[in-house]
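**Student:** test case, fold it:
(2 chains)
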Amino acid sequence: MDYDIIIGIETHVELDTHSKMFCTCSANGFGAEPNVHVCPTCAGMPGALPVINKRAVEFSMMLGVALNCSINQHTFWERKSYWYPDLPKGYQITQYQYPMCYDGYLEFDVRDLSGGWNEQSYRKRVRIRRAHLEEDTGKLTHAGRSSYVDYNRSGVPLLEIVTEPDIFNAHEAYAYLSALQDIVRYLGISTGDMEKGAMRCEPNMSLRPKGTDAFGTKVEIKNLNSLSAVRGAIAYEAKRQSAALDKGEKIRQVTLGWDDVRGVTVVQREKEDAHDYRYFPEPDLPPLDVSDAWLDEVRAQVPELPIAKQARYQSEFGLSAYDAVQLTNNKAVAEWFEKGISAGKDEGPVHPSSFILHPFAKRLANFIIGDLTRLMNASGTAINQIKIKPAQLLGLAKLVEAQTINSNTAKLVIEEMFNTGAEAQAIVQAKGLAQVSDSSVLEKTIGDVLAANPKEVENYLKGNEKLLQFLVGQTMKASKGKANPQMIQSLMKAALERRRL
Amino acid sequence: MIDHLTVKAVRAGLQKKQFSALELTHAYLKRIHEHNPRLNAYISVNDEEALQQAQAADERIAKGDDTPVLGLPMAIKDVLSTKGLRTTAGSRMLENYVPTWDATCVANLRSAGAIFLGKTNTDEFAMGSSTENSAYGVTHNPHDESRVPGGSSGGSAVAVAANLCVVALGTDTGGSVRQPAAYCGITGLKNTYGRVSRYGLIAYGSSLDSVGVLAKNAEDAAIINSVIAGHDPKDSTSIHSPVPNYVDEINSLKSKIQNLRIGVPKEYFIGGLQPDVENAVREGVRAFERMGAVVKEISLPTTHLGLPVYYLIATAEASSNLSRFDGVKYGLRVNGDDLIDMYGKTRQAGFGDEVKRRIMLGTYALSAGYYDAYYIRAQKVRTLIKQDFERAYQEVDIIMTPVAPTTAFKIGEKVEDPLQMYLTDVFSVTLNLAGNCGISVPCGFDQQKLPIGMQLMGPALGETQLLSAAHTYQFSTFN
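**Tutor:** The predicted model follows:
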């Protein structure tokens, strides 16, 4: 039977503020020695009190704006009570009745696995039910019969984002989370690193026979440490559950964990009785009022987001959807690209007749997506640490566009630029890399190549036209790569054809 | 040397070199060791550090330094955190808990040069009206040692009344400063909610808790309040309002009893009120009238709702505040078979009966299905109580009532009947629910020579007026 898969996702995003949600301890204790970033407040000592981190409130409002949410300008904090050693006070300070943000949506593109756009790609909208601000718990480590607790993470600001059940397959879940991850990084409110627990998501899903309305039994999946784990776990569950349903089995309401190594889900917990968290307003904190002016200030801090940037890159610079996505995945890369673009904004089109919206955008994009990314990956350097400046790469693009060098040479030059930070023009001059477009010089080189390869010439004339490329290659080699390839191509062909006569 | 020394007198004596802070501290410590075994006002006596503080104070005085509390030997209720000094909250749970930091009010006193003689006894987590709920034994009323001192700041009240310190800090959630002050014949100031930082006060009912002063007179309370009051960035519920110079104000406001409008709410003079108490309080009101005040009977119709509302809100908050005592991080741990067993055994052993009772009441009030009927409704009534007071303060400046229906009762008399015990708070809890300020002033004795307290209530931030009225009354009646 065919089934509809209905998925909702709860995502916890740790906010990248300097200090914790309710005290002045560092919020960046990941990887630190246990219990060094703790104080009476985040360790739940008797008599300690919370104080609201204003920046965390702003960060959560920024996300709300980015997710097209309404913002609760009057809200208050509540205590959610439960017992666990990683929760030092025995309650978590959170927002229950009035989340910071509510009723929004996230629009994103569901693409193929490589991020490319094809006929199966589509734009998707997932409704956001709410996003509320709370404090993170500590961390437990179990060793044999003992358990150890580390409160470095206790009190780190945490934003919980809850979708409506609008997600219908593993790809969509992946695309949603990937878009959300891009957004938190764009906003600079979180590292979004799933591997480090800065972004943790818990999908819940159920299946129902296609064409029916009633929701099936819901399972929740936890312990997903990467986007691909999310995709893998949902795909696995969809398969497992539809097979079970086909056999007439019932789906149990359970919490599942994902075993990344074996690629299977495992039951972590059977359905528990509904927990009574005994929410009540936090008496230690006054209600939170957000003035219109403050909200406006926060709105102004929200930058252009990836999906808007992608649209603009396509319409303004004539880039492909694929290129636009590649450039906007990372905000720093997009900003770098835009710096390069604006360095050349006063230049007129090189080809006045051609349909190029920005003279160097495509070439710049190609350099960034191709050679530069390769060089950065190989050396493990981030774009804001590299020696090349955006304007310099634009200089290289201009040299290629003006046919001063060919694209093979450009590969050498960009590598040199990457290593030394020198200007493209200077490298070309110093190394004599300028392209040779003087036909008399090229004719002479061609003559030498033809003379050195009589057999290939003969075979070409007998009809083996593939040998043209071989002879062109030999000529490029003889010119040490500097020959203008288009010219060699046509001159070589002409020289060979002359021999037929 | 130290009988009946006031804060003011200590400062004068130190300035005039009649005694040194060290001599004074030695004298108090000697007296404490003599009488505390009998009275049990102190849970911990801070001998060593107190002498160091005294020495340091003498050095500061020698250099010409002067603060209102420099070299002042005082006591701190054991629910206020003191750096390096065991803070038990009267509970087994915290028998060996030594804070690494001072409560803000304590820190203010410390830096101003006060000397901490020790930590005073309290009902466990300030939950009680007689100091009988302490894990460290009951405190005895110096006026009749077979009687309770009131509570929960009973230790502080006795320490002041028995001259085991000059002045003491207490806390008041439902009357815990005013009622023991009344039972022990001293002055007890309950500050407006948020006037003094709660940072470092081991929470009982967070929306009701306030730090107060137990003193020999209103002027002493004013002096201490000027040191401990003020906004604290560490307590988001503390008030952003400048602290008046209480001492100057009360001395300059003396004449203002003239035409002071005093309201006497009829709901506070009801059946069950001990006749001696009623007579003494009414006589106190007449004394104000003689000094030129205008007295008027008023009505606070929600008064009878104060007690049930208080015991819902305070216990609800307490049930949550006390969740942190789970044996994991600090305090008592009793090991068990697994985590849940450890929690159960630790809390079973660590908490006394009254604390357990209030945790259960509060947990119940917050539970799904009961929350609206109890907690939410209690909050609504709390608003009505607050509005009652607001209305009253449109026509009167202060309100005068008894502090408690009776004078100090016998130790053990109400232990078996929690409801009778709760009823002793009937006149004091409304003030906490409204978040206003009040002061308990001695106004006579009953036939058994037990002190009677009169309560002066004021609106939010009305401390100056209350202290002034109390000071004038004490100045003119020597009460």
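**Student:** contacting residues for the closest residue to A:Gln253 other than its chain neighbours?
**Tutor:** Spatial nearest neighbour of A:Gln253, excluding adjacent residues (CB to CB, 6 or more residues apart in numbering or on different chains): A:Lys271 at 4.2 Å. All C-beta atoms are positioned from the backbone trio N, CA, C, and that covers glycine. A:Lys271 sits next to A:Arg252, A:Gln253, A:Val254 when contact means CB atoms under 8 Å, 6 or more residues apart in numbering or on different chains.
**Student:** could you do B:Lys386 as well?
**Tutor:** Counting by CB under 8 Å, 6+ apart, B:Lys386 has contacts B:Leu433, B:Ala434, B:Gly435.
**Student:** export those as a markdown table, with columns for pLDDT, neighbour count and secondary structure.
**Tutor:** Shown next, in a markdown table, are these (pLDDT from 0 to 100; neighbours: other CB atoms under 10 Å in any protein chain shown; DSSP: H, G, I helix; E, B strand; the rest coil):
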| residue | pLDDT | neighbour count | secondary structure |
| --- | --- | --- | --- |
| B:Leu433 | 98 | 29 | helix |
| B:Ala434 | 98 | 27 | helix |
| B:Gly435 | 98 | 20 | coil |
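**Student:** near chain A, list only the ones from those.
**Tutor:** With CB under 8 Å from any CB of the partner chain as the criterion, those include none near chain A.
**Student:** what does the stretch 351-479 of chain B put close to chain A?
**Tutor:** B:Thr363, B:Leu366, B:Ser367, B:Ala368, B:Tyr371, B:Tyr375.
**Student:** can you say which of those residues are buried?
**Tutor:** B:Thr363, B:Leu366, B:Tyr371, B:Tyr375 (16 or more other CB atoms under 10 Å in any protein chain shown).
**Student:** got a list of what the nearest residue to the second one once chain neighbours are set aside touches?
**Tutor:** The one in question is B:Leu366. Ranked by CB to CB, 6+ apart and with sequence neighbours excluded, the top spatial neighbour of B:Leu366 is A:Arg278, at 4.0 Å. Neighbour list for A:Arg278: A:Arg79, A:Lys80, A:Ser81, B:Ser319, B:Ser320, B:Thr363, B:Leu366, B:Ser367, B:Ala368, B:Tyr371 [criterion: CB under 8 Å, 6+ apart].
**Student:** rewinding a little: quick check, nearest of the contacts of B:Lys386 to chain A?
**Tutor:** Using CB to the nearest CB, B:Gly435 is the member of those that lies nearest chain A, at 11.5 Å.
**Student:** I'd say the closest one and B:Tyr193 touch.
**Tutor:** Yes. Taking contacts as CB atoms under 8 Å, B:Gly435 lies within contact range of B:Tyr193: 3.8 Å.
**Student:** show me whatever sits in contact with both of those two.
**Tutor:** Common neighbours of B:Gly435 and B:Tyr193 (CB under 8 Å, 6+ apart) are B:Ala460.
**Student:** picking up where we left off before, nearest to A:Gly463, of the contacts of A:Arg278?
**Tutor:** The shortest gap between A:Gly463 and any of the contacts of A:Arg278 belongs to A:Lys80, at 82.1 Å (CB to CB).
**Student:** in the beta-sheet assignment, what are the partners of the closest one?
**Tutor:** Taking DSSP bridges, one obtains A:Gln92 as the residues bridged to A:Lys80.
**Student:** give me the neighbour count for it.
**Tutor:** 19 (other CB atoms under 10 Å in any protein chain shown).
**Student:** and it, how far from A:Val51?
**Tutor:** 19 Å (CB to CB, to the nearest Å).
**Student:** near chain B, which residues of the stretch 51-200 of chain A are found?
**Tutor:** Contacts of the stretch 51-200 of chain A with chain B, taken as CB under 8 Å from any CB, map to A:Val51, A:Ile52, A:Arg79, A:Ser81, A:Trp83, A:Pro85, A:Pro88, A:Lys89, A:Gly90, A:Tyr91, A:Val149.
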